[in-house]
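[1] Structure for the following, please:
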Amino acid sequence: MHFHKRPSWDKYKDCDVTPEQVFNDRRRILKQMGFVGASALLSSNANAGIFDLFGDKKDKSQFLRSDLPHTKNTQYDSVLNGVLTPESKVITHNNFYEFGTAKSDPSENAQGFNVEPWKLVVDGLVDNPLTLDYDDLLKLFALEERTHLLRCVEAWSMVIPWVGFPLAALLKKAGVKNKATHVAFETLFEPEQMPGQKSRLMGGGIHYPYVEGLTMAEAMNDLSFLSVGLYGKTLPPQNGAPIRLVVPWKYGFKSIKSIVRIRVTDRQPPTSWNQLASNEYGFYANVNPEVDHPRWSQATERRIGEGGLFSAKRINTQAFNGYGEQVADIYKGMDLKRYF
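    Purely as a prediction, here's the structure:
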């Protein structure tokens, strides 16, 4: 695997950040590039154009997946409201703009993705910087399966059995320094493998590599999870192989995929969708039915099940995606409409 030189958030200065007004109308930007993204389709109907009308798409996966030994952790199952989303939907209905903006693009374009060798660097304000390879990701910690809700900002949701380990376990192994306040994440930047990184049209206008961040309190919460698999097997590339973040009380774009760097820092890091459209995508991105997206309601969602668009069950969205008991205290006293 060849790692291309890529920009680092540590090098950004305030003057380097594109002015906010440039990003305030994401639909206008994408239209100027000659393309309308999936979320732009939602401007007239929050749930139109994002489901397969006729049910399951054919699985075109060629990526070899392996069984993962794991135990089951059911302590968070009480928030679940429904059966598991069929695996065929989970691996064919994806947002991973590095492989294209249509929901089927990742499963169709990522099958040649190479995850071995892989290098995950954990650095920054830590006592013991780590460099982990592919085998380390699968063997360093005991793996467990947790079934969590995934709520997309586009107002659809899934119930997925993830396999992995708590993010806090990795951070504790690295030894977080006392002055650290945030954790920053970075996706692989390799345009030869990820065609969306080569084309603003195909990649949705995002400035790559894709970056995300959490506060230290969020990162150390037991719900923050690093997934290396789903449905008992290693992750397919369209779902973020070989390792991705899962933060189930936040909108799905916070759950960054194909991570190559985790950096502990003392400042709030930039995040990709917030940079692109800060009026639409906040840093915190907590699921909140009382804070609508500027172009659609977040009060309800469509739960993807066996069928297609017309059989997707519409349900009421819960604050923090139903995980308030575990995470609400993190935000005590915060104005969640301002810090969305």
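[2] low-confidence ranges in the stretch 1-150 of the chain?
    1-63, 82 (pLDDT under 70).
[3] what ranges do the strands span in it?
    Using DSSP state E, counting those that start in this stretch, the strands of the stretch 1-150 of the chain run over 71-72, 120-124, 130-132, 144-151.
[4] out of the ones you listed, deepest packed?
    strand 144-151 (a mean of 21; mean count of other C-beta atoms under 10 Å). Using the backbone N, CA and C atoms, a C-beta is placed for each residue, glycine as well.
[5] just checking, next helix/strand downstream of that one?
    As assigned by DSSP states H and E, the chain's next helix or strand after strand 144-151 is strand 156-166.
[6] about what we covered before: redo the strands of the stretch 1-150 of the chain as a markdown table? Include distance to Ile259.
    As requested, the strands of the stretch 1-150 of the chain are exported to a markdown table (distance: least, C-beta to C-beta, whole Å):
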| stretch | distance to Ile259 |
| --- | --- |
| strand 71-72 | 23 |
| strand 120-124 | 6 |
| strand 130-132 | 10 |
| strand 144-151 | 17 |
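[7] for those strands, which one sits closest to Asp266?
    Counting by C-beta to C-beta, Asp266 lies closest to strand 120-124 out of the strands of the stretch 1-150 of the chain; the figure is 8.7 Å.
[8] what residue lies at the spatial centre of the protein?
    By C-alpha atoms, centre = their mean, the mean C-alpha position of the chain lies nearest to Ser255, the distance being 2.3 Å.
[9] Now do the contacts for that residue.
    Counting by C-beta atoms under 8 Å, 6 or more residues apart in numbering, Ser255 touches Leu150, Gly240, Arg244, Leu245, Val246, Val247.
[10] ok, so what distance separates the fifth one from Asn239?
    Distance from Val246 to Asn239, counting by C-beta to C-beta, to the nearest Å: 10 Å.
[11] again with the first one
    Shown here: Leu150 relative to Asn239, a distance of 10 Å by C-beta to C-beta.
[12] Next one, pLDDT for the nearest residue to Gly164 once chain neighbours are set aside please.
    Among residues not flanking Gly164 along the chain, Ser227 sits closest, at 3.9 Å (C-beta to C-beta, 6 or more residues apart in numbering). pLDDT recorded at Ser227 is 98.
[13] Quick check: closest non-adjacent residue to Trp162.
    Ser227 is the one closest to Trp162 (C-beta to C-beta, 6+ apart), at 4.3 Å.
[14] Show me how the protein divides into domains.
    The record, using automatic domain parsing to delimit domains, assigns the chain the ranges 8-53, 71-331.
[15] Just put the ones you listed in CSV and tack on distance to Phe340.
    Formatted as CSV, these follow (distance: least, C-beta to C-beta, whole Å):
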stretch, distance to Phe340
domain 8-53, 15
domain 71-331, 4
